[in-house]
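> missing the sequence, but the structure's below:
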């Protein structure tokens, strides 16, 4: 890492929460593995990915300054110059970016001096405009600044500029198209994952017609907009940066599944379920959920989910056409009657038995992936984590083909 980048990282690491000065033996071993991987020739990126995915992530912002660039194949000895203010002139996105950044006060650590925060907000604007100027194929979206500010707070402005540009042309590329079609396509993966793990929750959500819009801000901001504690956000960024770009949708699914009882206890209507799921809890068991998301990715990779997502989309299209026909003919909407009946159904096993069986992808609970799902990431360290990390190393050349058939 260049001298300037190193000094910048050491300065920004002061923003890290206190309490990391003492490491137990487990954390010391993890630190040793990280620094050994960094000092290898060539750098052991696969091990760094496993460390970022495994329990506790990368531990400190100082380590993130060293590892995040390696996860994205960025040469920190040749960073681009800092963007200048001239980019603001005649920029079509400037006014929207300015409005979003001004509304981002809560994204900065509590107690940060006003002048420091205002300086970082100026840096935030310049980084965003710089990336958009250099990559005219990218289109700004509201929520993009939530990702950029997280990276800026961890690594500083110069390194953040390089990281954000690489992320924008890779992991975030689908969100930066002229329309939201690609984003909606990724959201379509959510329900098939839930369906495979808990058909009862899936069918309840389908009956409530809640859709997946509640998870939109989770996905396009990598949960930066909905989580208030920066420590939790950067822990998730360790995970997402080390994984396939679709990992955030798997994490969204495990949040819903974690709250399954709340969902099933809710009124079975769109407004109630949407309101419940939109209010994301702040005290989530993050390490457990990261473990489950990694397990799910191994069990149900994107290529496998794509078929189910396409089938469910076709079913929704057919259902929508049928509703239009009902409305046009003035008939009573049958789905409303079904929802009234659904609310009267018993919960638990009785309702599960009464749900009409429909074809699903086989749930091979006895295979080796099911065992990994039970064991979790605490044990998965070098097993599922390695598989997830390996997928991240392989996705780049064919990412668009995987997502956009």
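It's in. Just so you know, these numbers come straight off a predicted model, no measurement behind them.

> How much space separates the residue nearest the centre of the chain from residue 111?
With distances taken as Cα atoms, centre = their mean, residue 248 lies nearest the centre of the chain, 2.6 Å away. The spacing between residue 248 and residue 111, counted by Cβ to Cβ, to the nearest Å, is 29 Å. Placement of C-beta: from N, CA and C, glycine included.

> ok, the residue nearest to the centre of the chain - contacts?
218-219, 222-223, 240 (Cβ atoms under 8 Å, 6 or more residues apart in numbering).

> what does residue 167 give?
72, 147, 151, 241.

> from the residues you listed, which single one is nearest residue 283?
Nearest to residue 283 among these, counting by Cβ to Cβ, is residue 147 at 22.9 Å.

> Mind pulling up the pLDDT for the closest one?
What the model reports for residue 147 is a pLDDT of 97.

> any idea how far residue 216 is from residue 166?
According to Cβ to Cβ, residue 216 stands 24 Å off from residue 166.

> how many neighbours does the closest residue to residue 169 other than its chain neighbours have?
Of all residues not flanking residue 169 in the chain, residue 135 sits nearest, at 6.2 Å (Cβ to Cβ, 6 or more residues apart in numbering). Residue 135 has 14 neighbouring residues, counting by other Cβ atoms under 10 Å.

> Next one: residue 135, what pLDDT does it get?
95.

> Who are the contact partners of it?
Residue 135 neighbours (Cβ under 8 Å, 6+ apart): 165, 168-169.

> and if you look at residue 123?
Residue 123 touches 152, 157, 160, counting by Cβ under 8 Å, 6+ apart.

> same thing with residue 33?
Here residue 33 is in contact with 47, 51 (Cβ under 8 Å, 6+ apart).

> Low-confidence ranges, this structure, go.
Scanning the chain with the threshold set as pLDDT under 70 gives 1-23, 86, 309-405.

> What are the structural domain limits within it?
1-169, 181-306+362-403 (automatic domain parsing).

> Looking at those, spot the one closest to residue 175.
Comparing the domains of the chain by Cβ to Cβ, domain 181-306+362-403 comes nearest, at 5.0 Å.

> coming back round to it: please indicate which of the contacts of residue 135 are buried?
Among these, those buried by neighbour count (16 or more other Cβ atoms under 10 Å) are 165, 168.

> still on that earlier bit, of the contacts of residue 167, grab the buried ones for PyMOL.
Paste this into PyMOL to select the buried members of those, with burial taken from 16+ other Cβ under 10 Å:
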select buried, resi 72+147+151+241
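
> Now render the contacts of residue 167 as TSV, adding secondary structure.
What follows is the contacts of residue 167, written out as TSV (DSSP: H, G, I helix; E, B strand; the rest coil):
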residue	secondary structure
72	coil
147	helix
151	helix
241	helix
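
> For the contacts of residue 167, give me JSON lines that also has distance to residue 307.
Compiled in JSON lines, those are given as follows (distance: Cβ to Cβ, whole Å):
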{"residue": "72", "distance to residue 307": "30"}
{"residue": "147", "distance to residue 307": "30"}
{"residue": "151", "distance to residue 307": "34"}
{"residue": "241", "distance to residue 307": "28"}
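
> What is the nearest of the contacts of residue 167 to residue 53?
residue 241 (9.7 Å).

> Report the buried residues of stretch 45-65.
Buried residues in stretch 45-65 (16+ other Cβ under 10 Å): 45, 47-55, 57-65.

> what does stretch 74-92 give?
74, 76, 79, 83, 87-88, 91.

> what about that stretch, distance to the chain center?
Remark: stretch 74-92 is offset 26 Å from the chain centroid, using Cα atoms, centre = their mean, to the nearest Å.

> And residue 236, how close does it get to residue 290?
Applying Cβ to Cβ to residue 236 and residue 290 gives a distance of 8 Å.

> Mind checking which of those two has more residues around it?
residue 290 (28 against 22).

> From the buried residues of stretch 45-65, which land in strands?
Among the buried residues of stretch 45-65, no member falls in strands (DSSP state E).

> Filter those down to just the ones in helices.
45, 47-53, 61-65 (DSSP state H).

> Residue 221 contacts residue 147, doesn't it?
Yes. Counting by Cβ atoms under 8 Å, residue 221 touches residue 147, with 5.9 Å between them.

> follow-up on the earlier one: tell me which of the ones in helices among the buried residues of stretch 45-65 is nearest to residue 295?
Nearest to residue 295 among those, with distances taken as Cβ to Cβ, is residue 53, at 11.5 Å.

> From one end of stretch 41-49 to the other, what's the distance?
16 Å (Cα to Cα, to the nearest Å).

> Show me how far stretch 198-211 is from its chain's centre.
Averaging C-alpha coordinates over stretch 198-211 and over its chain gives two centres that are 22 Å apart (Cα atoms, centre = their mean).

> quick one: buried residues of it?
198-208, 210-211.

> and what of stretch 120-134?
120-121, 123-132.

> again, but for stretch 153-160
Applying 16+ other Cβ under 10 Å to stretch 153-160 flags 153-160 as buried.

> could I get the residues you listed as CSV with secondary structure and distance to residue 40?
Output for those, formatted as CSV (DSSP: H, G, I helix; E, B strand; the rest coil; distance: Cβ to Cβ, whole Å):
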residue, secondary structure, distance to residue 40
153, helix, 29
154, helix, 23
155, helix, 22
156, coil, 25
157, helix, 29
158, helix, 25
159, helix, 21
160, helix, 26
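
> and which of the contacts of residue 123 is nearest residue 280?
The closest of the contacts of residue 123, once distances to residue 280 are taken by Cβ to Cβ, is residue 152, at 22.9 Å.

> Check which helices and strands the host helix or strand of the closest one sits against.
If you go by DSSP states H and E, residue 152 is part of helix 144-155. Under the contact criterion of 3 or more Cβ pairs under 8 Å, 6 or more residues apart in numbering; DSSP states H and E, helix 144-155 touches helix 3-12, helix 61-71, helix 94-102, helix 114-134, helix 157-169, helix 230-241.
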